[in-house]
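Enquirer: I would like the atomic coordinates for the input below:
(chains A, B, C and D)
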Number of protein chains: 2
Amino acid sequence: MKGETQDKILQTAIRLIRTKSYNSFSYKDIADEVNIKKASVHYHFDAKSTLGIAAVQEYQSKVSYLMDKLKAEEKDPLKRFDQYIGFFRHGLSNGEICLVGVMSMEINTLTKEIQDELKNFFENYTKWLVDILEDGRDKGMFQYNGSSADKALYITSAIEGALILSRAYNKNNGPSNNNTYNMEYFERVADQIKNDLLNNPC
Amino acid sequence: MKGETQDKILQTAIRLIRTKSYNSFSYKDIADEVNIKKASVHYHFDAKSTLGIAAVQEYQSKVSYLMDKLKAEEKDPLKRFDQYIGFFRHGLSNGEICLVGVMSMEINTLTKEIQDELKNFFENYTKWLVDILEDGRDKGMFQYNGSSADKALYITSAIEGALILSRAYNKNNGPSNNNTYNMEYFERVADQIKNDLLNNPC
DNA sequence: TTATCATTACCTATCAGTAGGTAGACTTAA
DNA sequence: TTAAGTCTACCTACTGATAGGTAATGATAA
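Expert: The predicted model follows:
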């Protein structure tokens, strides 16, 4: 199959970035997981920075697809918001946090090209959330003061932070018998974000 | 002077972790910045993990000192909260984000000893904030629903996330002529956290 | 006082291992 | 036959780490 190995490499890279960070995985790691040799990884992605760019683009297109589908199929703002949160929840339950968050942390060590790719992603990222928020406010379901852009930035910050802290500091973390993680911290923050949206200043 | 070089190494390590991340700096980086040889860094800290532990402990004791001083000297809860935020603001203005946040992101790549050290730090970290929040609520200045522990987790998440995003996505980031960073995103999130504390559900 | 010894804080040189990366031969399927 | 994909085998640069040596300092005992 054309592109099968290439796709495996890409998906593995994305998973490794989300579990260990960009500067903490190597071509050897990829090769071992895909069951090919290091040189073959280089055949598909000549340099690590190339793979990095591809990983961001692939992750973005996956998220774009989900967000567009969500916008088309789910008209209830609260359920749409829940599904938005659900996207992060699902990753975290497998020990994977947001790729944008991880690579943003390492921003000072990345090439200009990757930085630009991330910036582009981040802009879309917040647009989706602004869209959900404004839809909810228009329909009278969400209340918040100030601009939607500010609120989106606030929520995004809280989610990114919650993902990091949840994976690091939950009791019994590390994957359990069924290979999922304790979600306690994440859920506690997610609940508060939602309550703020629903109950905010009278 | 006894310990002068050792302290320079430690301070440099902390700065490099906060600007680049733990897995993105090397003993060579430290050696070059302190103007000694790599082997001399090993003389003071036999292994990188030893240096990592020492960095977390040193950072913790610095923060502890500031927090205790703050508690003793500043009795107005709002001003105390502002100073708490100011601690993160100051770091970010030099391109440095929270060491706990950075290393938590890399948690899966760290030794058990460093993980324990971080967990210990995180527990104190949230205790300080809970203390500020409850003091403010007791004095009738802060309003929030739910437990103080939940609120502290929420605020901590938002701050950690804001630090990451602010450094990565502000316009014109990178250090400017006066060697400081654009703080826009961080301030926008910080303002909302504060407003929530002051105006929340009636 | 001075010769002896230990300690501190560095050095040069080197280690084995791993990083990302390349050249060229081999395999396989269209 | 040709092109795609994978391999072996290698490279250079760098990783954390160690061995062994050297001044300088300080303590100690004859």
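Enquirer: contact partners for the spatially most central residue of chain A?
Expert: By C-alpha atoms, centre = their mean, the mean C-alpha position of chain A lies nearest to residue A:98, the distance being 2.9 Å. The neighbours of residue A:98, taking C-beta atoms under 8 Å, 6 or more residues apart in numbering or on different chains as the test, are A:18, A:88, A:91, A:159-160, A:163. C-beta coordinates here come from the backbone N, C-alpha and C atoms, glycine included.
Enquirer: could those residues go into JSON lines alongside pLDDT and distance to DNA strand C?
Expert: Formatted as JSON lines, the contacts of residue A:98 follow (pLDDT from 0 to 100; distance: C-beta to the nearest atom of the strand, whole Å):
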{"residue": "A:18", "pLDDT": "97", "distance to DNA strand C": "16"}
{"residue": "A:88", "pLDDT": "97", "distance to DNA strand C": "27"}
{"residue": "A:91", "pLDDT": "97", "distance to DNA strand C": "23"}
{"residue": "A:159", "pLDDT": "98", "distance to DNA strand C": "28"}
{"residue": "A:160", "pLDDT": "98", "distance to DNA strand C": "24"}
{"residue": "A:163", "pLDDT": "98", "distance to DNA strand C": "24"}
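Enquirer: and the furthest pair within these?
Expert: A:18 and A:159 (14.3 Å; C-beta to C-beta).
Enquirer: what helix or strand is the closest residue to residue A:101 other than its chain neighbours on?
Expert: Spatial nearest neighbour of residue A:101, excluding adjacent residues (C-beta to C-beta, 6 or more residues apart in numbering or on different chains): residue A:160 at 4.3 Å. Residue A:160 is part of helix A:148-169, with elements assigned from DSSP states H and E.
Enquirer: next, the angle helix B:148-169 makes with that helix.
Expert: In terms of direction (axes from the mean of the first three to the mean of the last three C-alpha atoms, to 10 degrees), helix A:148-169 departs from helix B:148-169 by 110 degrees.
Enquirer: by contact count, what packs against helix A:148-169?
Expert: helix A:77-93, helix A:99-105, helix A:112-138, helix A:184-199, helix B:99-105, helix B:112-138, helix B:148-169, helix B:184-199 (3 or more C-beta pairs under 8 Å, 6 or more residues apart in numbering or on different chains; DSSP states H and E).
Enquirer: of the ones you listed, which approaches DNA strand D most closely?
Expert: helix B:112-138 (12.3 Å; C-beta to the nearest atom of the strand).
Enquirer: and the closest one, how far from the chain's centre?
Expert: 12 Å (C-alpha atoms, centre = their mean, to the nearest Å).
Enquirer: what's the answer for stretch A:129-149, then?
Expert: Centre to centre, stretch against its chain (C-alpha atoms, centre = their mean), the figure for stretch A:129-149 is 22 Å.
Enquirer: one step back: and residue A:18 and residue A:159? which has more neighbours close in?
Expert: Taking other C-beta atoms under 10 Å in any protein chain shown, residue A:18 and residue A:159 do not tie; residue A:159 has more neighbours (26 against 23).
Enquirer: which ones are touching the more buried one?
Expert: A:85, A:88, A:98, A:189-190, A:193, B:157, B:161.
Enquirer: so residue A:84 touches residue A:129, yeah?
Expert: Yes. Taking C-beta atoms under 8 Å as the definition, residue A:84 is a contact partner of residue A:129 at 6.8 Å.
Enquirer: what's the separation between residue A:14 and DNA strand D?
Expert: Distance, residue A:14 to DNA strand D, using C-beta to the nearest atom of the strand, to the nearest Å: 18 Å.
Enquirer: the residue nearest to residue A:187 when sequence neighbours are not counted: neighbouring residues, count only.
Expert: Of all residues not flanking residue A:187 in the chain, residue A:89 sits nearest, at 8.0 Å (C-beta to C-beta, 6+ apart). Using other C-beta under 10 Å, residue A:89 has 18 neighbouring residues.
Enquirer: same question for residue A:152.
Expert: Using other C-beta under 10 Å, the number of residues around residue A:152 comes to 20.
Enquirer: tally of neighbours for residue A:79?
Expert: Neighbour count for residue A:79, taken as other C-beta under 10 Å: 12.
Enquirer: if you could redo that for residue A:28, that was the one I meant.
Expert: Using other C-beta under 10 Å: residue A:28 sits among 11 other residues.
Enquirer: I'd say it and residue A:37 touch.
Expert: No. Using C-beta under 8 Å as the test, residue A:28 is too far from residue A:37 to be in contact (9.5 Å).
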